[in-house]
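*Asks:* next one to model:
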Amino acid sequence: MSEDLKPVDLVVVIDSSLSMEDEAVALSEVLSGAVEEAKKSCPSDLRVQFLGIEGTFAGSEFSQTVREYMAAKGIDTSTLRGRVRDSVKNAGAQEDVARSVEDISSHFDWRENAERNLFVLGDESLEGGEMVLDQSKIQACDKAIASALRHGVKVHTYLGTPHKDSPYPSDEDEAAMAKEYKRLALRTGGEHYIYTKGSPDFVTVLKQTICASRIPQDESIADKKGEADTLENIAKPQPSANICHHAGEIVKAVNTLAGVLDKLVDACRPGNGNHSDCKCHQPQGDAVNSSKVPTDPKPQPPAVEAETPDPQPETEAEEKPIVQEDVKPLSPPQKDELYAIVLMDKQMWQGNKDDNCDVYSHSAKTGALIKKVSDSPYSYGQSNAVAPDGTHYIVQNRSDVWFGRPEEKTAYVRANSLSGGNASIDSFGFRQDGVGFFFHATNSQINYFKHDPANPNPAKASLKIVPAPGETVIPFGQDQSQWVADIAFDGNNRAWLIGFTGNLWVVEDTSSTTEWQARFVKTFPGLELPGQTGFIGVAFDSTGNIYLCGGQRETNRSSRRFIARGSVQGDEKLELIYDGGSLSGSYGDLSSTHFPKIKLKK
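*Replies:* Predicted structure coming up:
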């Protein structure tokens with residue numbers, strides 16, 4: 001197989017109840033012919049695996065179950081979502097299609113850099129069979145979609161003809177079932193095939209599925225969004241003829257615009273010293289209308305700002321220092337994801353705000369891009385953080401803080417008490433008790449606050465980070481080696497600080513509300529890519545791996561975003577797990593909801 005062909009993994013999983021035997025045999029008979037047809041139309045480095053759900057079919061390709069395959073790969077089968085055969089009445093465990101999507105998405109041994117695809121076949125509901133849906137079966141589909149998206153898996157679906165002894169009670173029930181199979185496919189970027197009446201041409205079905213499997217998931221999801229929204233009756237908002245209906249939105253937009261204009265005037269006024277942080281001026285000379293990115297992957301403010309604490313809003317009442325006992329632990333969302341915000345892409349200097357300030361989720365295991373979490377209209381994303389309950393915070397245009405729950409489709413709200421001031425918010429992270437910390441790269445004063453999803457204006461306090469006694473590698477300062485680009489916390493409430501040039505510090509005791517002591521740990525080497533590495537974000541996964549993101553500056557006019565994985569203790573090189581490609585710009589920060597228990601060497 002040519003090395004130039006795109007690797008494609010396709011797992012075909014079938015409901016193993018008796019009524020699906022004809023589909024299993026028919027698929028197996030045409031497999032070789034369909035693959036040959038696909039090779040001609042859409043060649044790929046294809047790997048296909050056939051699995052049955054808690055059962056197999058003699059004389060077919062489905063000779064191994066999902067559970068057997070996972071056990072052979074060393075997966076603890078007690079962790080699988082799929083239920084054991086005969087544990088559910090009426091062969092229900094053999095019809096757990098949605099649960100098999102979760103298990104395959106999470107545990108299959110996907111090849112590195114391969115397009116991940118799953119083709120599921122059934123003739124009853126996605127949860128335990130039966131011809132009538134209830135809320136639990138719809139929720140099972142929701143969970144399958146969420147798992148597939150988290151792991152970058154595109155799901156193709158096939159709904160076959162029901163057994164003659166168990167028809168749909170009504171046309172409405174049949175339409176509802178078809179909708180769930182379509183929804184699972186469309187929301188994950190897959191194809192759907194509905195054959196509740198009649199028989200399919202499985203050569204065509206397999207060929208189309210294999211060809212569709214080559215397309216990147218994010219492209220497929222975007223392409224199918226309209227059809228998915230129509231299916232779920234999600235209408236586009238229509239403008240109201242009465243302007244009063246939009247009064248609140250208009251006032252909010254005007255206030256936001258006024259704040260942006262104030263920042264532009266302040267940042268770009270004559271005599272402001274170093275204009276490297278000004279986002280309103282055009283590059284000089286031949287850089288005009290080019291794809292030039294800033295010299296530093298994360299723009300820095302004038303030096304004088306490092307000495308100026310953020311002023312508190314006049315309306316804010318300063319509370320007593322926030323201590324850990326004040327905050328109850330929050331329920332964490334799903335794990336195994338990293339969230340990166342785009343500082344700026346190649347279009348920034350051309351006035352075309354493409355994905356600046358957008359937040360993307362990546363697999364912590366593979367680095368694969370899962371989805372765009374939020375699509376922001378703002379010019380650039382300075383920082384981001386995720387509270388333990390899954391609330392996302394983003395910092396746009398230096399110091400404007402917004403928060404919301406994008407996966408619940410809630411609008412972002414501006415946190416006025418956290419926004420404003422002269423210094424950029426370069427670093428932002430949450431401790432596992434829900435206290436958030438943010439600060440500027442050269443200023444050791446840290447602002448912190450208690451996260452409350454119902455309160456957009458929490459009070460904030462501040463503390464200082466100082467070098468531990470005897471330390472010679474000092475965080476915070478005007479030299480690039482001192483810039484602290486981001487902060488993350490582990491399960492022992494330690495704070496980990498990543499420097500722009502790869503220096504890593506740790507604060508082992510973060511219980512103090514006045515002063516923390518930072519100890520130097522190590523320096524991460526730059527990536528083995530052309531140009532200069534700028535580390536801008538840090539996060540952990542659940543096992544204790546550390547992840548760094550940022551911009552790899554190749555020339556004065558080009559940079560690429562990246563995510564790399566490493567260890568806080570080992571001397572091994574960083575592993576590049578995501579490369580955005582040349583001219584992709586830079587990620588501005590990284591976050592996760594992982595708080596691993598990291599053991600430090602004495």
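
*Asks:* give me the distance between V386 and K73.
*Replies:* Using Cβ to Cβ, to the nearest Å, V386 is found at 31 Å from K73. Every residue, glycine included, has its C-beta placed from N, CA and C.

*Asks:* tell me which helix or strand comes right after the least confident helix or strand in the chain by mean pLDDT.
*Replies:* Taking mean pLDDT, DSSP states H and E as the measure, the chain has helix 247-268 as its least confident helix or strand, at a mean of 44. Downstream of helix 247-268, the first helix or strand assigned by DSSP states H and E is strand 337-344.

*Asks:* who does that following strand touch, helix- and strand-wise?
*Replies:* strand 359-363, strand 381-386, strand 532-540, strand 546-555, strand 558-566, strand 586-591 (3 or more Cβ pairs under 8 Å, 6 or more residues apart in numbering; DSSP states H and E).

*Asks:* so which of those strands gets nearest Q49?
*Replies:* If you check each of the helices and strands packed on strand 337-344 against Q49 by Cβ to Cβ, strand 359-363 wins as the nearest, at 19.7 Å.

*Asks:* which outside residues touch that closest one?
*Replies:* Strand 359-363 has contacts (Cβ atoms under 8 Å, 6 or more residues apart in numbering) with 150-152, 336-342, 368-374, 376, 381, 384, 392, 394, 406, 563, 577-578.

*Asks:* show me which of V386 and K73 is the more surrounded one.
*Replies:* Neighbour tally, V386 and K73, criterion other Cβ atoms under 10 Å: the higher count belongs to V386, 27 against 10.

*Asks:* how far away is that one from I474?
*Replies:* As judged by Cβ to Cβ, V386 and I474 stand 29 Å apart.

*Asks:* show the pLDDT at the most centrally placed residue in the chain.
*Replies:* Geometric centre of the chain, nearest residue: S361, 1.2 Å, by Cα atoms, centre = their mean. For S361, the model assigns a pLDDT of 94.

*Asks:* what of A140?
*Replies:* A140 carries a pLDDT score of 92 in this model.

*Asks:* do the same with the one 4 residues further on
*Replies:* Note for A144: predicted pLDDT of 93.

*Asks:* ok, M70 next?
*Replies:* With respect to pLDDT, M70 scores 94.

*Asks:* ditto for K182
*Replies:* 95.

*Asks:* same thing with the one 5 residues further on?
*Replies:* As predicted, R187 sits at a pLDDT of 94.

*Asks:* I'd guess it is in a helix, am I close?
*Replies:* Yes - checked against DSSP: H, G, I helix; E, B strand; the rest coil, R187 lies within a helix.

*Asks:* contacting residues for it?
*Replies:* Counting by Cβ under 8 Å, 6+ apart, R187 has contacts I145, L149, I221, A228.

*Asks:* which positions within stretch 371-388 qualify as buried?
*Replies:* Neighbour-count burial for stretch 371-388 flags 371-374, 376, 378-388 (criterion: 16 or more other Cβ atoms under 10 Å).

*Asks:* hey, where'd the helices end up in the stretch 101-250 of the chain?
*Replies:* Ranges of helices within the stretch 101-250 of the chain are 135-150, 171-188, 202-213, 217-231, 247-268, based on DSSP state H, counting those that start in this stretch.

*Asks:* quick revisit: from G152, how far out is the residue nearest to the centre of the chain?
*Replies:* For S361, the distance to G152 (Cβ to Cβ) stands at 9 Å.

*Asks:* joint contacts of these two?
*Replies:* L369, I370.

*Asks:* beta-bridge partners for D486, please?
*Replies:* As for beta bridges, D486 partners with I498 under DSSP bridges.

*Asks:* rewinding a little: can you tell me which two in the contacts of R187 are farthest apart?
*Replies:* Taking Cβ to Cβ as the measure, these span a maximum distance of 12.5 Å, between L149 and A228.

*Asks:* look at those two and report which has more neighbours.
*Replies:* L149 (22 against 17).

*Asks:* shaky segments in the stretch 301-450 of the chain?
*Replies:* By pLDDT under 70, the weakly predicted segments of the stretch 301-450 of the chain are 301-335, 346-354, 377-379, 408-410, 422.

*Asks:* what is the neighbour count of L133?
*Replies:* 18.

*Asks:* ok, it - contacts?
*Replies:* S125, D173, A176, M177, E180.

*Asks:* surely W516 and V466 touch.
*Replies:* Yes - the pair W516 / V466 is scored as a contact, 7.3 Å apart, by Cβ atoms under 8 Å.

*Asks:* which one of these two is surrounded by more residues?
*Replies:* Set W516 next to V466 and count neighbours by other Cβ under 10 Å: W516 wins out with 21 against 16.

*Asks:* that one and I598: what is the separation?
*Replies:* 17 Å.

*Asks:* again with E37
*Replies:* Per Cβ to Cβ, E37 is found 52 Å from I598.

*Asks:* which pLDDT value goes with the residue of the chain most remote from its centre?
*Replies:* Residue farthest from the centre of the chain, counting by Cα atoms, centre = their mean, is D165 at 44.6 Å. Per-residue pLDDT puts D165 at 80.

*Asks:* likewise for the one 3 residues further on?
*Replies:* On the pLDDT scale, Y168 is placed at 90.

*Asks:* just so I know, which of the helices and strands packed on strand 337-344 lies nearest S87?
*Replies:* Among these, strand 359-363 comes nearest to S87, with 30.6 Å by Cβ to Cβ.

*Asks:* just want the angle from that closest one to strand 532-540.
*Replies:* For strand 359-363 against strand 532-540, the angle by axes from the mean of the first three to the mean of the last three Cα atoms, to 10 degrees is 70 degrees.

*Asks:* got the contact list for the closest residue to N416 other than its chain neighbours?
*Replies:* Among residues not flanking N416 along the chain, N457 sits closest, at 5.4 Å (Cβ to Cβ, 6 or more residues apart in numbering). Contact analysis of N457 by Cβ under 8 Å, 6+ apart lists E316, A415, N416, S417, L418.

*Asks:* which two of these lie the greatest distance from each other?
*Replies:* So, these by Cβ to Cβ: farthest apart are E316 and A415, at 11.2 Å.

*Asks:* which one's more surrounded, those two?
*Replies:* Comparing E316 with A415 by other Cβ under 10 Å, the one with more neighbours is A415, at 20 against 15.

*Asks:* so what's the more buried one up against?
*Replies:* By Cβ under 8 Å, 6+ apart, the residues touching A415 are Y393, V401, W402, F403, P456, N457, P458.

*Asks:* state the distance from it to N457.
*Replies:* Computed as Cβ to Cβ, the A415 to N457 distance reads 6 Å.

*Asks:* kindly report the same for L51.
*Replies:* In terms of Cβ to Cβ, L51 sits 52 Å off from N457.

*Asks:* what's the answer for L527, then?
*Replies:* L527 sits at a distance of 40 Å from N457 (criterion: Cβ to Cβ).

*Asks:* what is the burial count for E112?
*Replies:* Residues near E112, counting by other Cβ under 10 Å, number 9.

*Asks:* grab the nearest non-local neighbour of it.
*Replies:* T366 (6.9 Å).

*Asks:* the one you found sits in which helix or strand?
*Replies:* Per DSSP H and E: T366 is located in neither a helix nor a strand.

*Asks:* neighbours of it, just the number please.
*Replies:* T366 has 20 neighbours, counted by other Cβ under 10 Å.

*Asks:* surely R405 is in contact with H392?
*Replies:* Yes - contact status for R405 versus H392: in contact at 7.0 Å, counting by Cβ under 8 Å.

*Asks:* report the rounded mean pLDDT for the helix or strand harbouring A461.
*Replies:* A461 is part of strand 460-467 when elements are defined by DSSP H and E. Per-residue pLDDT over strand 460-467 has a mean of 94.
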